[in-house]
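>>> build me a model from this:
(chains A and B)
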Amino acid sequence: MELFVFVVAALMVLGGALGVITRSNPVHAALSLVLTLFGIAVMFVSQNAQFLAAVQVIVYAGAIVVLFLFVIMLLGVDESEDINVEPITGQRPLALVIGVGVMGIIIAAVVASKDMIGHRGDGIDTPTLESADANIRQLARHIFSNNVFAFELTSVLLLVAVIGTVLMARRVKSTGAGK
Amino acid sequence: MSSLFAIDPLLDGGLLWTPLFIIVIKVLVVFVVGLVATMLMVWFERKVIAGMQNRVGPNKAGPWGLLQTLADGTKLFFKEDLLPDRADRFVFRLAPYLALVPAFLAFAIIPLGGDFRNGKAGIVTLFGHQTRLQLADPPVGVLFALAISSIAVYGIMLAGWSSGSKYPLLGSVRASAQMVSYEAALGLSLAAVLLVSGTLSTAGIVNMQSSVGNWNVVATGFIPFFIFLISATAEMNRPPFDLVEAEQELVGGFNTEYSSIRFALFFLAEFMNTITMSALIVTLFFGGPQPISIGNTTLDIPLIPNGIEGTVWLILKVLVFLYIYVWFRATLPRFRYDQLMDLGWRVLIPASLGWFMLLAAQRVGRDAGWDQIVVTLVTAVVLILGYVLLQLAHRVSRANREKDGASF
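Sure, this is the predicted structure:
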């Protein structure tokens, strides 16, 4: 059962990922990304991490990709792009190097931890009939007590990113920019 | 195995034939009830609006015009199915289903009946198996509804984009901005309910609301309910937030290019969403299938067993909200786009966040044994301070924009 779910979800993830890089229409690429995200959500569910699955769908599929699509539609770049044009010189070779590098790191990580594959984590509360929220309670307790500092720092990081974006996007007329 | 899909006593002890049979029946019932309810909802809406506008409304097909929707649906089936030349064929065909499926999925987590009195938690016995009268009770509970409502935007958005013409595209751009904006307020007002209930499961949330004083609408202090009602209306693109299909500006908005059965699917999805959202509001704030009881007196419907009585109460409560939605449509003029964004970002999100902080502070204060009045007062002062700062920021940004000569 678990193998079956894994195979289906993995096919979804890989198919979506291939779609993202091969479709020339940006909207189709974004939709393929949704497929990938759903596949990951299915994997979370099969690993008993339902909360992560829900958050994955709400945040990534429900908000982030919707914003991608919003920008694509608003800017009207939804016609097929000419992929022979290289926007930044040296982008393609660099992308190849980084892609191979990341793949190497992931393979190294899998090989280094191959003893842990198929090994379930210890001390994880799974939801039961009596307390359906056991898993979420445990997660919340960990985030908001043991790791509250890292959590707050992450939120500050996001806030800084938002404010930075607004500042950069805003054109101040007095400096001569804009019109 | 059992915890993979849902927390349900039915699934304990592996999959057997009888539980499987019960689940198939449940799926069928939810699907058929959804369709029939949608059909009746369309009739109900047309009839009530007609009444409010001094008209008769549909009255020819069937008794009181009840079969009008069926007649319209049959007619739509036989209409020509148009596919615009510039449409993106695959996405154009996919979009109606993306709109329809979430509307049905969200219905799966709503407790449709059962006996919640005396701590029975809505568990009934069917064919010797204990189960709940709800299709699924996933461990993430209400978050599932939130996830589904955030997926629902794709149907409308892709319908408008794939039509390959200007007005539908404008409609879908509006839709995506609107639904993402109101999603935040929806989630924050939902969080207030979760804070009071202390559980994510819909059955658990219903179970907590044993009497009118315990109903979440009272327990969360009314404000989250109103915010939820408004943002749910915006999520569904119902009037007064139907900018997505604003007939006067955008012809028909996202569904301009759709005809025949594909158009009918959008129509179905919209009304199905109305029913699902009303049921969700009743579940979250008004005790779902719980009977109305004040103190120790319970309003009991005689002659009906308690398990079925829950369904009756649920239908009665949902009807109230369906009527309210129709009433909105007949009464309120459509919002302008900037008014919509102002309401969402400047009023609803800060208000729901502030109210959530207030509830959380009271809860912490109760656990720590502080004086509730002091806690509330201090929180209120902090919130008012925050509000004043927010208003100041708005004023400064407005002044800056005016200095830059922006026109808005």
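>>> which residue would be the closest one in chain B to chain A?
Among the residues of chain B, B:S150 lies nearest to chain A; the distance is 2.6 Å by C-beta to the nearest C-beta. No exception for glycine: its C-beta is placed from N, CA and C like everyone else's.
>>> how much space between that residue and B:K317?
When distance is defined by C-beta to C-beta, to the nearest Å, B:S150 is 25 Å away from B:K317.
>>> now swap in B:A99 and tell me
Separation of B:A99 from B:K317 (C-beta to C-beta): 26 Å.
>>> do B:A360 as well
B:A360 is 28 Å from B:K317, by C-beta to C-beta.
>>> the more surrounded of those two?
Using other C-beta atoms under 10 Å in any protein chain shown as the criterion, B:A360 and B:K317 rank with B:K317 on top: 22 against 14.
>>> correct me, but the more buried one touches B:F285?
No: taking C-beta atoms under 8 Å as the contact criterion, B:K317 and B:F285 are not neighbours in contact, 9.8 Å apart.
>>> phi and psi next, for the residue nearest the centre of chain B.
Using C-alpha atoms, centre = their mean, the residue of chain B that lies closest to the mean C-alpha position is B:M277, 2.2 Å off. The main-chain torsion angles of B:M277 are listed as degrees, to the nearest 10 and equal phi -70, psi -40.
>>> who are the contact partners of it?
Residues counted as contacts of B:M277 (C-beta atoms under 8 Å, 6 or more residues apart in numbering or on different chains) are B:232, B:235-236, B:321.
>>> in strands, which of those fall?
The strands in this structure, assigned by DSSP state E, contain none of the contacts of B:M277.
>>> make CSV from the residues you listed and add pLDDT, distance to chain A and neighbour count to it.
Putting the contacts of B:M277 into CSV (pLDDT from 0 to 100; distance: C-beta to the nearest C-beta, whole Å; neighbours: other C-beta atoms under 10 Å in any protein chain shown) gives the following:
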residue, pLDDT, distance to chain A, neighbour count
B:A232, 90, 15, 26
B:E235, 86, 11, 23
B:M236, 85, 15, 25
B:F321, 91, 24, 21
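>>> so where is chain A shaky, pLDDT-wise?
With pLDDT under 70 as the threshold, chain A has low-confidence stretches at A:77-86, A:118-123, A:126-132, A:171-179.
>>> break it into its domains for me.
A:1-79, A:134-173 (automatic domain parsing).
>>> name the nearest residue to the residue in chain A that chain B sits nearest to, ignoring sequence neighbours.
Each residue of chain A has a distance to chain B, by C-beta to the nearest C-beta, and the smallest belongs to A:G62, at 2.6 Å. The shortest distance from A:G62 to any residue other than its chain neighbours is 2.6 Å, reached at B:S150 (C-beta to C-beta, 6 or more residues apart in numbering or on different chains).
>>> which strands or helices does the strand or helix carrying that neighbour pack on?
Secondary structure from DSSP states H and E places B:S150 in helix B:142-151. Taking 3 or more C-beta pairs under 8 Å, 6 or more residues apart in numbering or on different chains; DSSP states H and E as the contact definition, the neighbouring helices and strands of helix B:142-151 are helix A:50-55, helix B:89-105, helix B:166-197.
>>> redo those as TSV? Include mean neighbour count.
Converted to TSV, those look like this (neighbours: other C-beta atoms under 10 Å in any protein chain shown):
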stretch	mean neighbour count
helix A:50-55	22
helix B:89-105	19
helix B:166-197	23
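>>> Serialize these to JSON lines and add fields for distance to A:I106.
Converted to JSON lines, the helices and strands packed on helix B:142-151 look like this (distance: least, C-beta to C-beta, whole Å):
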{"stretch": "helix A:50-55", "distance to A:I106": "20"}
{"stretch": "helix B:89-105", "distance to A:I106": "32"}
{"stretch": "helix B:166-197", "distance to A:I106": "32"}
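>>> which one of these lies nearest to B:R117?
Ranking the helices and strands packed on helix B:142-151 by their distance to B:R117 (criterion: C-beta to C-beta) puts helix B:166-197 first, at 17.8 Å.
>>> and that closest one, does that touch chain A?
Yes: Helix B:166-197 lies in contact with chain A when judged by C-beta under 8 Å from any C-beta of the partner chain; the contacting residues are B:169, B:172-173, B:176-177, B:179-180, B:183, B:187.
>>> those residues: which two are farthest apart?
Within the residues of helix B:166-197 next to chain A, two members stand farthest from each other by C-beta to C-beta: B:L169 and B:G187, at 27.6 Å.
>>> which residues are in contact with the most centrally placed residue in chain A?
Closest residue to the average C-alpha location of chain A: A:Y60 at 6.4 Å, with C-alpha atoms, centre = their mean. A:Y60 makes contact with A:L37 under the criterion C-beta under 8 Å, 6+ apart.
>>> for it, give its distance to B:A399.
A:Y60 sits 38 Å away from B:A399, going by C-beta to C-beta.
>>> got it, and B:Q209?
For B:Q209, the distance to B:A399 under the criterion C-beta to C-beta works out to 47 Å.
>>> list the contacts for the residue nearest to B:F285 when sequence neighbours are not counted?
Computed as C-beta to C-beta, 6+ apart, the closest residue to B:F285 that is not its neighbour in sequence is B:V217, at 4.1 Å. B:V217 makes contacts with B:225, B:285-286, as judged by C-beta under 8 Å, 6+ apart.
>>> neighbour-wise, which of the residues you listed leads?
The member of the contacts of B:V217 surrounded by the most neighbours (other C-beta under 10 Å) is B:F285, with 26 neighbours in all.
>>> correct me, but that one touches B:F225?
Yes: B:F285 lies in contact with B:F225 (C-beta under 8 Å); the separation is 4.9 Å.
>>> what do the two both touch?
Taking C-beta under 8 Å, 6+ apart as the contact rule, the neighbours common to B:F285 and B:F225 are B:216-217.
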